[in-house]
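Novice: just need the structure, nothing else, for what follows:
(one chain, ligands or ions: 3)
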Amino acid sequence: MYTLAKFVRQCGYIKPNFASRIVEESLGNGGFTRPYQSIASQVLYGKWNDLPKKVQHYVQDNVKLCKPDTIHICDGSDRENEMLLYILQRDGMIKPLPKMDNCWLARTDPKDVARVESRTFISTENMRDTIPVVKNGITGTLGNWMSPDDLDTELNMRFPGCMKGRTMFVIPFSMGPVGSALSKIGIELTDSAYVAASMRIMTRVGKKVLKTLGNGDFVKCLHSVGAPYPLKEPMVSNWPCNPKETIIAHLPERNEICSYGSGYGGNSLLGKKCFALRLGSILGRREGWLAEHMLILGIENSKGEKKYFAAAFPSACGKTNLAMMKSALPDYKITCVGDDIAWMRFDKDGKLRAINPEAGFFGVAPGTSMKTNPMAMETISRNTIFTNVAETSDGGVFWEGLEGEVSRTTKIKSWLGVEDWHAEQGKPAAHPNSRFCTPAAQCPIMDERWQDPEGVPIEAIIFGGRRPEGVPLVYEAFNWQHGVYIGASMRSEATAAAEHKSKVIMHDPFAMRPFFGYNFGHYLEHWLSFQQKQDLDLPKIYHVNWFRKDKNGRFMWPGFGENSRVLDWIFRRVNGEDCAVQSAIGNLPRKGSLNLEGLQEDVDMDALFSIPKEYWQKEVKDIGKYFDEQVHEDLPPEIMKELRSLEARVNSM
Ligand code: GTP
Ligand code: SPV
Ligand code: MN
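Specialist: Ligands and ions are numbered 1, 2, ... in the order given. Below is the predicted model of the structure:
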């Protein structure tokens, strides 16, 4: 009888424990567990000859370097997915969630739970191409640069032999609809089946990609969990990783990414932050387009009039929620194009066109509920991999925010495996950066054009962050240049999405601080350059803040679906409606122009829209200091001019 188990065994996917024994015995054999005659004979799944020559060379070089035991060439098929899930389950990396449909739970080593910005580097010949030259004595916070020689040393300390006893998965993937002129292709080599299973959700993987690629160029993405056999240290939670040696390196001049030591999120799903944002932003500058940390949504009113907006909020600040929002205003229907990344380019008619380069959502679990984000809840009910969430005794999932959606008799096991977890124990049930990885196509409100190879036309760009104090619910930039200033001056409370611990207010320009692929000063010049071009239909720019708090530390605005009220105001402004008044910081909704019909909560609108003079005087000072120290001589004069004008307006308030 055919069983998956049998097939997997026949293919030769050996159990790691077993592999470790063989590897130890066969180290004299160049590190290979079997006397392979050729690379092709190491391939367990897929056909070596299906790979274009350039891809073969890339794989060959890295097989020599990393010495995986076997090779799997991903085709993106359902059968392959079953195999990956089978292998992951066998190795104890995931377990099924029987209450849900084809859903899985992974628990990581608690040392590998988020992006590690301090270990993320960009390597170019010339440092200033990558980071601004900071003021004397100041530590730069706008990216980490490493010289190519130093990086070579670091990589040579890690990659040789790093995949011993493991299978190397070769993942051909497309960022953006396969074959679109706006799309780009990458090849990720990884020794993690979890990464392979996640990449096929997050990107478009498979044979079609290889066909489109032909012998063209691709972004080279090498990833290893950094735990070859025999293991030096016992695994925690069956999750191989190497936190002490973690490094995420980008080599833009070679179109290459090398990531070692972490299996989690943006550290390992290399299409996402590494390719689509860091390398993407470099390509964008070179080729005249933009790669941004932005959601894309469609908004349609009851007259059938439709617009598309893009919005940049820092990690864990509400992109996924806004992108799938269920409008509290019955007159509007929101549709989702993307929840994290936008690639945008002005077309020949001067319209800004955006595509979502991804095919799935890697979304923050805590806070997601039927009340806050019913569309996400529906999306994640099947074919989803959950990581570091808690599980319920009836085979479902749990996290902070779902308290009202589990019965009292249900027992909860925390992400750390604590049985019968209770909130009173003082530790969260789910890790604050626990996530779901789920196919975008399953979202009930995906926009009909979400895979349109031409992209959708963007009419407004929205910036925002977690600002507990001083920053009103919404304001509008006076013009493009002022809007670029607003993006540059973005700040937000730190979240669990990266390794930052406390709730400090951090500068996070354009929500891109961890993701700039090149010098932020040059990035600003690139954004500013569009205002000099003739005949561009420049979108209007806004700033929003769902997170202002009152004296008691409570959010002043209900957020989530109610944010549609703000989108409605923006929609009308884009249509030229006269519903704004000027303030020192930008245009505010004219009193009474924000539609509050049916709003259940009591909201103190005056407090929500107040612009405290002292607060803004300090803000201007802080931003000035930040620009001076961090961007220094690379700051475009236009931005300094905007800051000075803001200062003058605030002072005369
Ligand atoms: P990344 O995937 O890290 O880039 O995050 P994101 O920007 O997509 O953030 P997401 O939408 O996942 O929201 C992060 C957290 O903020 C979740 O816990 C949400 O419940 C919460 N959140 C989102 N929107 C709102 C809002 O309007 N008000 C409040 N109070 N919280 C919100
Ligand atoms: C973010 O941190 O902005 C994310 C999650 O979207 S990760 O993919 O880990 O970068
Ligand atoms: Mn993100």
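
Novice: where are the low-confidence patches of this protein?
Specialist: Counting by pLDDT under 70, the chain contains low-confidence residues at 1-2, 16-36.

Novice: which parts of it sit against ligand 2?
Specialist: 115, 265-266, 272-273, 315, 340, 362, 497 (C-beta under 6 Å from any ligand atom). To be clear about C-beta, it is placed using only N, CA and C from the backbone, and glycine gets the same treatment.

Novice: most neighbours, which of those residues?
Specialist: With neighbours defined as other C-beta atoms under 10 Å, the most crowded of the residues of the chain next to ligand 2 is residue 266; it has 28 neighbours.

Novice: if we can go back for a sec, ok, so of the residues of the chain next to ligand 2, who is nearest residue 617?
Specialist: residue 315 (29.1 Å; C-beta to C-beta).

Novice: quick check: chain neighbours aside, which residue is closest to that closest one?
Specialist: Nearest non-adjacent residue to residue 315, counting by C-beta to C-beta, 6 or more residues apart in numbering: residue 497, 3.3 Å away.

Novice: host element of whatever residue of the stretch 301-450 of the chain ends up closest to ligand 2?
Specialist: Nearest to ligand 2, among the residues of the stretch 301-450 of the chain, is residue 315, at 3.2 Å (C-beta to the nearest ligand atom). Residue 315 is part of no helix or strand, with elements assigned from DSSP states H and E.

Novice: now do the phi/psi pair for it.
Specialist: As for residue 315, its main-chain torsions (degrees, to the nearest 10) stand at phi -50, psi 140.

Novice: that one: what's it in contact with?
Specialist: 115, 293, 495, 497-498, 511, 514 (C-beta atoms under 8 Å, 6 or more residues apart in numbering).

Novice: neighbour-wise, which one of those residues leads?
Specialist: Most neighbours among the contacts of residue 315, by other C-beta under 10 Å: residue 293, with 25 neighbours.

Novice: for the residue in the chain positioned nearest to ligand 3, which non-adjacent residue is closest in space?
Specialist: The chain approaches ligand 3 most closely through residue 340 (4.4 Å), counting by C-beta to the ion. The spatially closest residue to residue 340, leaving aside those adjacent along the chain, is residue 319, at 6.0 Å (C-beta to C-beta, 6+ apart).

Novice: can you tell if stretch 101-119 touches ligand 3?
Specialist: No: contact of stretch 101-119 with ligand 3 (C-beta under 5 Å from the ion) is absent, the minimum separation being 9.2 Å.

Novice: tell me which residues of that stretch come out buried.
Specialist: 103-109, 112-117, 119 (16 or more other C-beta atoms under 10 Å).

Novice: closest one to ligand 2 out of these, please.
Specialist: Distance to ligand 2 across the buried residues of stretch 101-119 (C-beta to the nearest ligand atom) is lowest for residue 115, with 4.7 Å.

Novice: tell me if I'm right that that closest one and residue 268 touch.
Specialist: No: judged on C-beta atoms under 8 Å, residue 115 makes no contact with residue 268 at a distance of 9.9 Å.

Novice: and the stretch 551-653 of the chain, which residues reach ligand 1?
Specialist: Counting by C-beta under 6 Å from any ligand atom, the stretch 551-653 of the chain sits next to ligand 1 at 555, 559-560, 563.

Novice: got a list of contacts for the helix or strand harbouring residue 320?
Specialist: Per DSSP H and E: residue 320 is located in helix 319-323. Applying C-beta under 8 Å, 6+ apart, the external contacts of helix 319-323 come out as 293-297, 311-313, 336-340, 361, 363-364, 367-368, 372-373, 376, 559-560, 563.
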